[in-house]
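Colleague: just the structure for this:
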Amino acid sequence: MQGAACPTCAGPLVWNQAYNQWYCNNCRIYIPPGPQPRSEIDRFVDEIDSLFDSKPPPVYYCQRCNAPLSWVAQYGRWYCNNCRNYV
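Modeller: Numbers count the residues shown, from 1 in each chain. The predicted structure is shown next:
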């Protein structure tokens, strides 16, 4: 069983079945078992998921007609569909 990384040197850990612990050949130390270290792919998926967990963008209103504004990313400006004007 392989795939874990050493918390000290980030080198690969090898599972030692006799001691029921991870072993780092670089540091020559045993690491007690714990939660399985997360892979780079798992961390990437969590990062992408966190983008969708964020709050929706704030709602701004037109100062003229009090209608909600739309963000136009192409121009980096807010637009009022009711007044048909950039704010």
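Colleague: burial check on the nearest residue to Pro57 once chain neighbours are set aside, number of neighbours?
Modeller: Spatially, and ignoring its direct neighbours in sequence, Pro57 is nearest to Trp71 (6.8 Å; Cβ to Cβ, 6 or more residues apart in numbering). In this view, the C-beta of every residue, glycine as well, is placed from N, C-alpha and C. Neighbour count of Trp71, defined by other Cβ atoms under 10 Å: 13.
Colleague: part of a helix, is Ala10?
Modeller: No - membership of Ala10 in a helix is not supported by DSSP: H, G, I helix; E, B strand; the rest coil, which gives coil.
Colleague: gap between it and Ser70?
Modeller: Between Ala10 and Ser70 the distance is 46 Å, computed by Cβ to Cβ, to the nearest Å.
Colleague: go ahead and confirm the residue nearest to Pro57 touches Trp78.
Modeller: Yes - proximity of Trp71 to Trp78 meets the contact threshold set by Cβ atoms under 8 Å, at 5.9 Å.
Colleague: and Val72, backbone torsions?
Modeller: With angles defined as degrees, to the nearest 10, Val72 sits at phi -110, psi 100.
Colleague: same deal with Cys24?
Modeller: phi -100, psi 120.
Colleague: residues in contact with the residue nearest to it when sequence neighbours are not counted?
Modeller: Distance criterion Cβ to Cβ, 6+ apart; nearest residue to Cys24, sequence neighbours excluded, is Cys6 at 4.1 Å. Shown in contact with Cys6 (Cβ atoms under 8 Å, 6 or more residues apart in numbering): Pro12, Leu13, Trp22, Cys24, Asn26, Cys27, Ile31.
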